[in-house]
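Asks: Generate coordinates for the sequence data below:
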Amino acid sequence: MATALVATLLRATQPGGRPFGRRTILASVPSPWPAVVVGLVGLLWLLDARPGWADVEGASRRQYLGNWLEAAEDGNPGAASGRASSASAGPVRLGPHFWIDRWLTHSEIARSQEQPIWPAAMVTQTPRLEEYMQYSQGWQQSPGGIQATQYAAPFTGIKNILGDNLALALSPPMYATNVGGPGTNGFGDAAAFLKYRIASANEENGNYAVSVILLTEAPIGPMPVSTGAWIFDPFFVVGKGWGHFDIQSGVDVAIPTGLSSELGTPASLRVAMQYNWLTYLWPTLEVFSTYWANGPYSGETQVVLMPELEIGYVPIPGTRYMVVLGVGYEIAVTEPAIFHHAWDLMFRFYY
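Replies: Here you go, the predicted model:
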C-alpha cells in the first residue's frame, strides 16, 4: 500500500502530470461509513464472549498473547478445541459448537502460540497474522513546501485471521488534503489484501515468521489523490527475533493495470528493526528503499528513514482488549524526493 502511495505522490509532483479532476465513479459510490460502523458494532458484539486474553499479569512477554489459552485450558480442558466454559465466557455465549467459537479459538492459537509476538511496525508489513482495527493519520511535506494531511491514512482498517495460516485486511480510502497543491483534496484508494503464513515459530521454538501477501487497490477518488488505476502489489515478508530484538522485512512490486507511463512500476524493500524495552515500549527504526524501473522516475531510487516508538500491548483494565499507540517521523535521505518528511500517528485496537 505504501508503494502505491508513493506512486500517487509521484503523479502529483511530476512535471506534466494529469490535472486534478473529479472522477465520475465517486458520485456513484455511496458512503461506506454507516455499513462499516454497523459491521464493527456487530463484530464486537459477537466477540463479547471471548475469554480475557488481555488480562495481563506480570511482565512476561509470552503472557501477552498466551494468557487467553492458559486461562481457558485451566478452567475447561475442552477449551483448546473450541469449547470454552460459560464461567470464562462472560455474559454472552453463542454455544460451544457454533462456528464463531471455533474461529476464535483457531485465531487465538494462530497468533498467540504459533508465531512471535512482536507488534507490526507502522509501515513495513509484518509476516505475523494479526487481528485488530487501526486508525492512522499523516502530515507530509512535499517538494515546494506543500503540506498535505492524510486522514484514515494507509493501513487504516481492519485485519482478521480467517484460518490457521490465512488473514484478510480491508482498508477504506483515505481522505487527503493538498496532495499535489492547495485545494487538491479528495478520497484515495480502497485496499484489501490476503496474507498466507508459510512458516512460523514462537520465541521458544525459533522466533521467526515467513509470509506472502497479495494486496489490491481500487481507485475510488479523484486524481491525483487516487492513483487512477487498479494496482496489484505482491509481497514477500520475513521476520526473525533474538531475545528482545527483532527484524521484520519485506519486498514488493506495485503493478498498475493502467497509466504505467505515469505511475511506473515501483519496487520496494522495507526493513524494520525493533527492540522491546521496559515491557511496553518498542523503539523501532524503519528503512524504505523504492526503485523505479520505468515511468517518469525511471532508474531513480528514494531511501527513507523512519524512527518511531510504539507503546503496547497495553491492556484495557477489566476487558480482554489491548491497544497499541505509535508515532513516527519519515525523513527522505536521497534525491529526487517524492516527499521530504512526514509525521505519522497510529492507533490499534486488538480484540
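Asks: May I see the buried residues of the helix or strand hosting L168?
Replies: Taking DSSP states H and E as the definition, L168 sits inside strand 166-171. Along strand 166-171, the positions that meet the burial threshold by neighbour count (16 or more other C-beta atoms under 10 Å) are A167, A169, S171. In this view, the C-beta of every residue, glycine as well, is placed from N, C-alpha and C.
Asks: Partner strands of it, with direction?
Replies: Note on strand 166-171: by DSSP bridges, its sheet partners are strand 157-161 (antiparallel), strand 189-201 (antiparallel).
Asks: Please report how far A121 lies from F232.
Replies: Using C-beta to C-beta, to the nearest Å, one obtains 23 Å as the distance from A121 to F232.
Asks: Looking at these two, which has the bigger crowd around it?
Replies: A side-by-side neighbour count of A121 and F232, using other C-beta atoms under 10 Å, places A121 first with 28 against 14.
Asks: what does the model give the more buried one for pLDDT?
Replies: As summarised for this prediction, A121 has a pLDDT of 96.
Asks: host element of the closest residue in space to it that isn't next to it in sequence?
Replies: Beyond its immediate neighbours in the sequence, the residue positioned closest to A121 (C-beta to C-beta, 6 or more residues apart in numbering) is A272, lying 3.6 Å away. In this structure, A272 is located in strand 266-275 according to DSSP H and E.
Asks: Pull the residues that contact that strand.
Replies: With C-beta atoms under 8 Å, 6 or more residues apart in numbering as the test, strand 266-275 has contacts from 2-3, 6-7, 10, 118-119, 121, 123-125, 244-254, 282-293, 295, 310.
Asks: Show me which residues of it are buried.
Replies: Applying a neighbour-count criterion of 16+ other C-beta under 10 Å, the buried positions in strand 266-275 are P266, A267, S268, R270, V271, A272, M273, Q274.
Asks: Which SSE is immediately downstream of that strand?
Replies: Past strand 266-275, heading to the C-terminal end, the next element that is a helix or strand (DSSP H and E) is strand 281-292.
Asks: Now the element after that next one, going C-ward?
Replies: Downstream of strand 281-292, the first helix or strand assigned by DSSP H and E is strand 301-315.
Asks: State the distance from A267 to Y329.
Replies: In this structure, A267 and Y329 are separated by 24 Å, where distance is defined by C-beta to C-beta.
Asks: now this protein, which segments are flagged as low pLDDT?
Replies: 1-102, 143-144, 180-183, 336-337 (pLDDT under 70).
Asks: residues near the nearest residue to F347 once chain neighbours are set aside, how many?
Replies: Ranked by C-beta to C-beta, 6+ apart and with sequence neighbours excluded, the top spatial neighbour of F347 is Y135, at 5.0 Å. For Y135, the neighbour count with other C-beta under 10 Å is 15.
Asks: One more: the one 10 residues further on?
Replies: G145: 7 surrounding residues under other C-beta under 10 Å.
Asks: Check the spacing between it and N276 real quick.
Replies: Distance of G145 to N276, given as C-beta to C-beta: 38 Å.
Asks: One more: K159?
Replies: Here the criterion is C-beta to C-beta. By it, K159 lies 21 Å from N276.
Asks: Please apply the same query to N185.
Replies: In this structure, N185 and N276 are 39 Å apart, going by C-beta to C-beta.
Asks: One more: S171?
Replies: 27 Å.
Asks: So which of N185 and N276 has more stuff around it?
Replies: Ranked by neighbour count (other C-beta under 10 Å), N185 and N276 place N276 first, with 19 against 16.
Asks: Correct me if wrong: F349 contacts V323.
Replies: Yes - in this structure F349 lies within contact range of V323 using C-beta atoms under 8 Å: 5.7 Å.
Asks: ok, the helix or strand following the strand holding L168: who's next to it in the sheet?
Replies: Going down the chain from strand 166-171, the next helix or strand is strand 175-177, by DSSP H and E. The sheet places strand 175-177 alongside strand 146-151 (antiparallel), strand 186-187 (antiparallel), with pairing taken from DSSP bridges.
Asks: Apart from its neighbours in sequence, what residue is nearest Q141?
Replies: With C-beta to C-beta, 6+ apart, the residue lying closest to Q141 is H340, at 5.0 Å.
Asks: Could you do I220 as well?
Replies: Nearest residue to I220, sequence neighbours excluded (C-beta to C-beta, 6+ apart): P173, at 4.5 Å.
Asks: Quick one: residues contacting the one you found.
Replies: Residues in contact with P173 (C-beta under 8 Å, 6+ apart) are A152, F187, G188, D189, A190, I220, G221, S226.
Asks: And for V251?
Replies: Shown here is V251, whose contacts under the criterion C-beta under 8 Å, 6+ apart are F235, F236, A267, S268, L269, R270.
Asks: Secondary structure element holding I109?
Replies: If you go by DSSP H and E, I109 is part of helix 99-112.
Asks: quick one, that helix and strand 189-201 angle?
Replies: On the basis of axes from the mean of the first three to the mean of the last three C-alpha atoms, to 10 degrees, helix 99-112 is oriented at 70 degrees to strand 189-201.
Asks: Please spell out which residues along stretch 300-318 are buried.
Replies: Under the neighbour-count criterion of 16+ other C-beta under 10 Å, stretch 300-318 has E300, Q302, V304, M306, E308, E310, G312, Y313, V314, P315 buried.
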